[in-house]
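Enquirer: Next comes the sequence, and after it the predicted model I'd like to discuss.
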Amino acid sequence: MHTELETAVLLDQATPQTKLFNKQPLQDKPVYTRSVKQVIKDKLDAMSTQKWELDQENAFFVGDLGEVYRQHLRWKALLPRIEPFFAVKSNPDPMVVKLLASLGIGFDCASKSEIQQVLSSGVESSRIIYANPCKQASFIRFAAQNNVARMTFDNAEELYKIKKLYPNAELLVRILTDDSKSLCQLGLKFGAPLDTVKDLLQTAKELNLNVVGVSFHVGSGCLDENSFADAVVRARWAFDQGEAMGFKFNMLDVGGGFPSGDVTDGITFEKIAAVLGPAVDAMFPSDVRVIAEPGRYYVASAFTVCTHVIGRRTVVTEENETQYMYYVNDGMYGSFNCILFDHQVVHPKVLSRGGNLTFDDKNDDIAINGDERTFNSSIWGPTCDSIDCLAKEANLPVLNDGDWIYWENMGAYTICAASKFNGFKQPEVIYTNTFE
């Protein structure tokens, strides 16, 4: 069996890695320098020569590290004052973490495991914020042992725990904001209401704890750029309370909620930056360090998943309309858990039909020859659970077993939360770098 070897030979026709990664080479896996389309083609061509190899048609990702880098440059251009601390939870892919570590940015970690991963990538403890307001005791001890001092809190019980386990920690009080216009309203779980902030700070003062600033999060998938400006005003109020009580606040954490690179209409990153940047400058002097916790912003548009059509079912409706149900080998219990947990709407596109590549990286449309008829179709994952539906309605040409469907913008809150339910494997990731 030589599937992996022969695939590598095909992919190695491209020169792996470029000067982008010379500062800290990413040696775990090769990084190629071809377009996403070409990498996918090479992968499918390798499969076609190995028809009898086991599992050779498994779903797979292509991760474009060049897109991650483009998003980084975009951030630095539009929000130069605000330092990004990548939210590892969104995609702890080791190559992504190593790339971002090499760029010198910070990291938002929520657990011992995430802290361990970031530290093992060569990141200094000062570049980590333990941004989980309610932490396991042993994890706090681990943070103390590794000098990860910066962490958040939003309740008095957490303060007593930190006093016992890490009294020298540098704390940020996480305040509640208006996240009613976000897809994931984190305020349901975290954030101190403003009318409790004074009491929390008083408790911290009595415990002789070092509170150094304020953090907030407007919710994941924020749909209103003005939510950031409103949150900055609230943070300024909390700063004033702390300073009046004798604290020397020097840090503001504006959290996450930033849209991904594929968002070009509605609430774009440009619109948020145009509101957030000036609001921070107006409310906070230059000696206050400002950080953020972007996650999906960096990675969502960088990953494409390719799924294999493993079955088709023909359905004739009462109106005598022919429809098709397609079954693919990744689903809701795998990379597409984002549909359930992250409120994402995914869009299927035909990748390959009858061995012919139809991927179009110019206009991203389904390639359909002439006036070929399309049908109302649904797409289902491979498990035996009826909720495993990826798209209830999709307008597609007739596909057959062995054809492929691809899904773009699948880099955030996807494979990181995937399970192996029903024994299905998680997709491998092939890396490329399209940055020039």
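Expert: Sure, I can see it.

Enquirer: Going by C-alpha atoms from here, please, whenever you check contacts or count neighbours.
Expert: OK.

Enquirer: Do a quick rundown of the strands in the stretch 51-200 of the chain.
Expert: For the stretch 51-200 of the chain, the strands defined by DSSP state E, counting those that start in this stretch occupy 60-64, 83-87, 106-109, 128-130, 150-153, 170-174, 182-184.

Enquirer: May I have stretch 54-72 exported as CSV, CA atoms only?
Expert: Taking Å, rounded to 0.1, in the frame of the first residue of the first chain, the C-alpha atoms of stretch 54-72 are listed here in CSV:
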residue,chain,number,x,y,z
LEU,A,54,-8.2,1.4,1.3
ASP,A,55,-9.7,4.7,2.4
GLN,A,56,-8.2,6.6,-0.6
GLU,A,57,-11.4,8.5,-1.2
ASN,A,58,-11.7,9.9,2.4
ALA,A,59,-12.7,13.5,2.8
PHE,A,60,-9.8,16.0,3.1
PHE,A,61,-9.1,19.6,3.8
VAL,A,62,-6.8,22.0,1.9
GLY,A,63,-5.4,24.7,4.3
ASP,A,64,-4.1,27.8,2.7
LEU,A,65,-1.5,29.3,5.1
GLY,A,66,-1.0,32.2,2.7
GLU,A,67,-4.6,33.2,3.3
VAL,A,68,-4.0,33.2,7.1
TYR,A,69,-1.0,35.5,6.4
ARG,A,70,-3.1,37.8,4.2
GLN,A,71,-5.6,38.2,7.0
HIS,A,72,-2.8,39.1,9.4
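
Enquirer: who's in contact with the nearest residue to residue 83 once chain neighbours are set aside?
Expert: Spatially, and ignoring its direct neighbours in sequence, residue 83 is nearest to residue 291 (4.5 Å; Cα to Cα, 6 or more residues apart in numbering). Neighbour list for residue 291: 82-85, 251-255 [criterion: Cα atoms under 8 Å, 6 or more residues apart in numbering].

Enquirer: quick one: pLDDT of residue 291?
Expert: At residue 291, the pLDDT value in this model is 98.

Enquirer: which SS class is it?
Expert: Here residue 291 is strand, with the state taken from DSSP: H, G, I helix; E, B strand; the rest coil.

Enquirer: so what's it bridging to?
Expert: Here residue 291 sits in beta bridges with residue 83, residue 253, going by DSSP bridges.

Enquirer: Distance check, it against residue 298.
Expert: Residue 291 is 15 Å from residue 298, where distance means Cα to Cα, to the nearest Å.

Enquirer: Kindly report the same for residue 125.
Expert: With Cα to Cα as the criterion, residue 125 and residue 298 are 21 Å apart.

Enquirer: Tell me which of the two has more neighbours.
Expert: Between residue 125 and residue 298, residue 298 has the larger neighbour count (other Cα atoms under 10 Å), namely 30 against 18.

Enquirer: Rank the helices and strands of this protein by mean pLDDT and give me the bottom one.
Expert: Averaged element by element with mean pLDDT, DSSP states H and E, the chain has its least confident helix or strand at helix 3-11 (a mean of 38).

Enquirer: Thanks again, I'm all set now.
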